[in-house]
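**Student:** A predicted structure for the sequence below; I have some questions about it.
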Amino acid sequence: MKKEKRNLFETLFGKKKQEKDVAYSEYNLLRGYEAYFSSFGELYNNKVARTAIDRIATHAAKLTPKHIQESINNNIKGDINYLLQEKPNEIMTTYDFIYKVVSQLYTYNNAFIFIKKDSQGYIQGFYPILSYEDKLLQDRQGNLYLKFRFYKGQTYTIPYEDLIHLRRFYNEDDFWGSDNKALRIDLETAQVSSEGIKNAIKTTNSLKGILNFPNAMLKPEDIKKNRDQFVKDFLKEGKGSGIGALDSKASFQAIDMKPVTLDDAQLKRVNDNIYEYFGISEKIITNNFSSEEWNAFFEGVIEPLAIQMEKAFTKAIFSERAIKEGHRIIFTTHRLQYATLNQKIELVKVLASFGLLMKDEARELLELAPLGGDEGEKILQSLNNIDSTIANDYQGGKE
């Protein structure tokens, strides 16, 4: 039986070609710029920038997405939680999904997630979309659409309400996040420095100079012949004897070429400029950070990113009515995972004294296996902090 071939494009949008009977027009922005955005991977091709993006995406991928309803203050069991926490789509884990979305956001300053739904409107999956060009359109009723042009030439137009849109440097444009032109000089300097080091090694390992024949009148072809023979015997890598012989007719004058490269301090300054652009420090890059340095990175990068994703996911997934009823998508993480053991113990003592921790929550902070069941859900509480309504009875020895 012949196996049917499918591709990701068909998985997302189906085999049926999109109908073209809807009249779209270009959406006019306030600043008058054209309503399209092009994605270029120039930034991601730089090693220093890619490393910074990787560190942010790696730590962001540790976030746990949850569907909650604030009025009942609890996780909701259902397809949305399963999709977000276990299987956003058929080819990604939650870690892969968040990593890819954050990587695209920090590379292009715009990231799109397509919310795939069935015919009844139930969510079937979340798919990060990276296209060559995105164009903002509207129909006759004023509804917004994005037309994606993919790298293999396919195009597809998606209602904007079916997309989760994340933006970075959302300033000068009405709709898109700004580009990375501000980093171009540092990227070019880092690239030139890297090329300079490579060329310096090549230059150091080669001999350059002028072969002179001061007392001989040679034809051009004889000069070329003598030069080629000298190169073959002495200069050509991997060939020849490595020893050159010259008679009294010729002399060799070496040219000392000293390539100019950035020194360590200059190179560090260039790299630091790139790190600062992403709000990240060298300690985070090298995974050599303290709990204080981690907290600074968390508060400056990961926490704002989590808030941004919470708002964008909630807005795109739920209706206005559901949001008013308290439905939210939140992204949580264990902020104290890099704290010292003594810091964790002190925190457990303080939180437990006020009855703010369950046994399993305390064990998780201390990286111990959960007890589970009713025992794991018991609240830790000091007898020094009890309900004020029974304080008098307790102090008087009554039951």
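**Tutor:** Now that the structure is in, tell me what you want to look at.

**Student:** for the rest of this, base every contact and every neighbour count on C-alpha atoms.
**Tutor:** Will do.

**Student:** which residues does Leu136 bridge with?
**Tutor:** Beta bridges link Leu136 to Leu146, judged by DSSP bridges.

**Student:** and Ile80, that's in a strand?
**Tutor:** No: with DSSP: H, G, I helix; E, B strand; the rest coil as the criterion, Ile80 is helix rather than part of a strand.

**Student:** tell me the contacts of it?
**Tutor:** By CA atoms under 8 Å, 6 or more residues apart in numbering, Ile80 lies in contact with His67, Ile123.

**Student:** hmm, try it at 6 Å
**Tutor:** By CA atoms under 6 Å, 6 or more residues apart in numbering, the contact list for Ile80 is empty.

**Student:** please report how far it lies from Val102.
**Tutor:** For Ile80, the distance to Val102 (CA to CA, to the nearest Å) stands at 20 Å.

**Student:** ok, now Ala369?
**Tutor:** Distance, Ala369 to Val102, by CA to CA: 30 Å.

**Student:** who has more neighbours out of those two?
**Tutor:** More crowded of Ala369 and Val102, by other CA atoms under 10 Å: Val102, with 24 against 9.

**Student:** quick one: that one from Ala52, how far?
**Tutor:** Computed as CA to CA, the Val102 to Ala52 distance reads 12 Å.

**Student:** swap in Asn271?
**Tutor:** Asn271 is 10 Å from Ala52, where distance means CA to CA.

**Student:** thought His165 was touching Phe114, still the case?
**Tutor:** No: at 9.0 Å, Phe114 and His165 do not qualify as touching, with contact defined as CA atoms under 6 Å.

**Student:** may I see the buried residues of stretch 85-93?
**Tutor:** Gln85, Lys87, Pro88, Asn89, Thr93 (16 or more other CA atoms under 10 Å).

**Student:** where does the protein have low pLDDT?
**Tutor:** 1-7, 9, 14-24, 27-41, 71-78, 191-219, 222-223, 230-263, 334-340, 382-399 (pLDDT under 70).

**Student:** one more time with 50
**Tutor:** The chain contains residues with pLDDT under 50 at 1, 201, 238, 240-242.

**Student:** does Thr157 touch Lys147 like I think?
**Tutor:** Yes: counting by CA under 6 Å, Thr157 touches Lys147, with 4.1 Å between them.

**Student:** pick out whichever of Asn271 and Ala52 has more residues nearby.
**Tutor:** Taking other CA under 10 Å, Asn271 and Ala52 do not tie; Ala52 has more neighbours (25 against 19).

**Student:** whatever helix or strand the more buried one lives in: what's the following helix or strand?
**Tutor:** For Ala52, the host element (DSSP states H and E) is helix 47-60. Moving toward the C-terminus from helix 47-60, the next helix or strand (DSSP H and E) is strand 64-69.

**Student:** show me what counts as buried in that next one.
**Tutor:** Across strand 64-69, burial judged by 16+ other CA under 10 Å covers Thr64, Pro65, Lys66, His67, Ile68, Gln69.

**Student:** doesn't Phe331 make contact with the fourth one?
**Tutor:** No: assessed by CA under 6 Å, His67 is found out of contact with Phe331, at 9.2 Å.

**Student:** now do the shared contacts for the two.
**Tutor:** Common neighbours of His67 and Phe331, using CA under 6 Å, 6+ apart, do not exist here.

**Student:** gap between the two ends of stretch 86-100?
**Tutor:** End-to-end distance for stretch 86-100, by CA to CA: 15 Å.

**Student:** same question for stretch 272-292.
**Tutor:** Stretch 272-292 has an end-to-end distance of 19 Å (CA to CA).

**Student:** same check, this time on stretch 43-50
**Tutor:** Counting by CA to CA, you get 7 Å between the two ends of stretch 43-50.

**Student:** run through who's touching that stretch.
**Tutor:** So stretch 43-50 is in contact with no residue, going by CA under 6 Å, 6+ apart.

**Student:** for the stretch 1-150 of the chain, which segments count as strands?
**Tutor:** 25-26, 36-38, 64-69, 74-75, 110-117, 123-129, 133-138, 144-149 (DSSP state E, counting those that start in this stretch).

**Student:** let's have the ones you listed in a markdown table, adding distance to Asp228.
**Tutor:** Shown next, in a markdown table, are the strands of the stretch 1-150 of the chain (distance: least, CA to CA, whole Å):
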| stretch | distance to Asp228 |
| --- | --- |
| strand 25-26 | 64 |
| strand 36-38 | 51 |
| strand 64-69 | 67 |
| strand 74-75 | 79 |
| strand 110-117 | 56 |
| strand 123-129 | 56 |
| strand 133-138 | 52 |
| strand 144-149 | 54 |
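
**Student:** quick one, which of those strands is nearest to Tyr277?
**Tutor:** Among these, the nearest to Tyr277 by CA to CA is strand 110-117 (16.1 Å).

**Student:** now the angle from the closest one to strand 123-129?
**Tutor:** Using axes from the mean of the first three to the mean of the last three CA atoms, to 10 degrees, the inter-axis angle of strand 110-117 relative to strand 123-129 is 160 degrees.

**Student:** counting contacts, what elements does strand 110-117 pack onto?
**Tutor:** strand 123-129, strand 163-167 (3 or more CA pairs under 6 Å, 6 or more residues apart in numbering; DSSP states H and E).

**Student:** turn these into CSV, columns for distance to Tyr151 and mean neighbour count.
**Tutor:** As requested, the helices and strands packed on strand 110-117 are exported to CSV (distance: least, CA to CA, whole Å; neighbours: other CA atoms under 10 Å):
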stretch, distance to Tyr151, mean neighbour count
strand 123-129, 11, 18
strand 163-167, 19, 22
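
**Student:** of all those strands, which lies closest to Asn110?
**Tutor:** When these are compared by CA to CA, strand 163-167 sits nearest Asn110, at 4.7 Å.

**Student:** adjacent strands (with direction) for the closest one?
**Tutor:** Assessed with DSSP bridges, strand 163-167 is paired to strand 110-117 (antiparallel).

**Student:** which parts of the partner strand are buried?
**Tutor:** Asn110, Ala111, Phe112, Ile113, Phe114, Ile115, Lys116.

**Student:** got the CA positions of it in PDB?
**Tutor:** Output of strand 110-117 as PDB, limited to C-alpha atoms (Å, rounded to 0.1, in the frame of the first residue of the first chain):
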ATOM      1  CA  ASN A 110       8.100  39.400  16.300                       C
ATOM      2  CA  ALA A 111       6.800  35.900  17.000                       C
ATOM      3  CA  PHE A 112       3.500  34.300  15.900                       C
ATOM      4  CA  ILE A 113       1.700  31.300  17.200                       C
ATOM      5  CA  PHE A 114      -1.200  29.800  15.100                       C
ATOM      6  CA  ILE A 115      -4.000  28.500  17.300                       C
ATOM      7  CA  LYS A 116      -5.400  25.600  15.200                       C
ATOM      8  CA  LYS A 117      -9.100  24.900  15.900                       C
END
